[in-house]
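> Coordinates for the following, if possible.
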Amino acid sequence: MGHLDHAAFGWLTPVLSYAMACTGSALGLRCTVRGLDATGRSRRNWLLTAASAIGTGIWTMHFVAMLGFGVTGTEIRYDVPLTILSLLVAMSVVGAGLFAVGYGRDRRRSLALGGLTTGVGVASMHYIGMAALRLHGQVRYVPALVALSVVIAVIAATAALWAALSIRSPVAVAVASLVMGGAVSSMHYTGMTAVSVRVRPSADALSGAMAMQFIFPLAVGLGSYLFLTAAFVALSPMSGRNEASAPSRRPAEGVAS
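Residues are numbered from 1 along each chain as shown. Predicted coordinates for the structure are as follows:
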């Protein structure tokens, strides 16, 4: 068995990956709140932005963490098409979950469906990303830990969507994003704990790209996208159905009815 190192650069990659997960979660939740307060095309656009933010955040979290991953006795490369597919799956499945919440009529059913879909999307991104690994050896998983990582992903996603439906305060959204970022990171490292590698030394060249050739530049680009989008969201005007009026509007509607 090859020795696995999950933090080859010390605390740098775990801390940075957590920061990216929190950034994507915060931006995604903020956009989801905006979307739920909007109607028509505006709602759709906010939810699409939320899906791209959360999907980008969890993908960047995963591969920044993977920059610190190493196995003794073999180098590691990444299959480029599968790595890109993992990003597209993350955005698409998270988007499906958000749209289930954004357009569902029954809140509980929509929340359950959206949380399950989004959580499975997070887990799918992780394991497709792991399938992109190219090394001299065989990767194996502990099924119980894999199942636990999926459960963590679903619980985290459901809690995040509940926060988007229930919370309007920017401070509360920020706290929720920290919790979601921690849950996504926990899901990642739980999944990585399930991994073992049986190294088979070989002189054959591995296919795929090295992390610093492909993963690092892409992660930097997506991280920049997150921060620029966050700036855009922060500077964009609130819709007419803004957060401040939401609490005061509900009692009035109740009296009118």
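
> The spatially most central residue of the chain and Ser169: what is the separation?
Centroid-nearest residue in the chain: Ile58, 2.6 Å away (criterion: Cα atoms, centre = their mean). In this view, Ile58 and Ser169 are 24 Å apart by Cβ to Cβ, to the nearest Å. The way it works is simple: take the backbone N, C-alpha and C, and place the C-beta from them, glycine included.

> And for Arg109?
Distance, Arg109 to Ser169, using Cβ to Cβ: 26 Å.

> The stretch 151-257 of the chain: helices as residue ranges?
With DSSP state H, counting those that start in this stretch, the ranges of helices along the stretch 151-257 of the chain come out as 170-193, 216-235, 245-256.

> how about the strands in the stretch 1-150 of the chain?
Along the stretch 1-150 of the chain, the segments classed as strands by DSSP state E, counting those that start in this stretch run 4-5, 70-71, 77-78, 133-134, 137-141.

> Can you redo the ones you listed as CSV, where the extra columns are distance to Val89?
As requested, the strands of the stretch 1-150 of the chain are exported to CSV (distance: least, Cβ to Cβ, whole Å):
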stretch, distance to Val89
strand 4-5, 25
strand 70-71, 25
strand 77-78, 15
strand 133-134, 16
strand 137-141, 19
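
> Can you say which of the ones you listed is packed in most?
Mean neighbour counts were taken over these using mean count of other Cβ atoms under 10 Å, and the top value, a mean of 22, falls to strand 77-78.

> Pull the distance from that one to the chain's centre.
Averaging C-alpha coordinates over strand 77-78 and over its chain gives two centres that are 21 Å apart (Cα atoms, centre = their mean, to the nearest Å).
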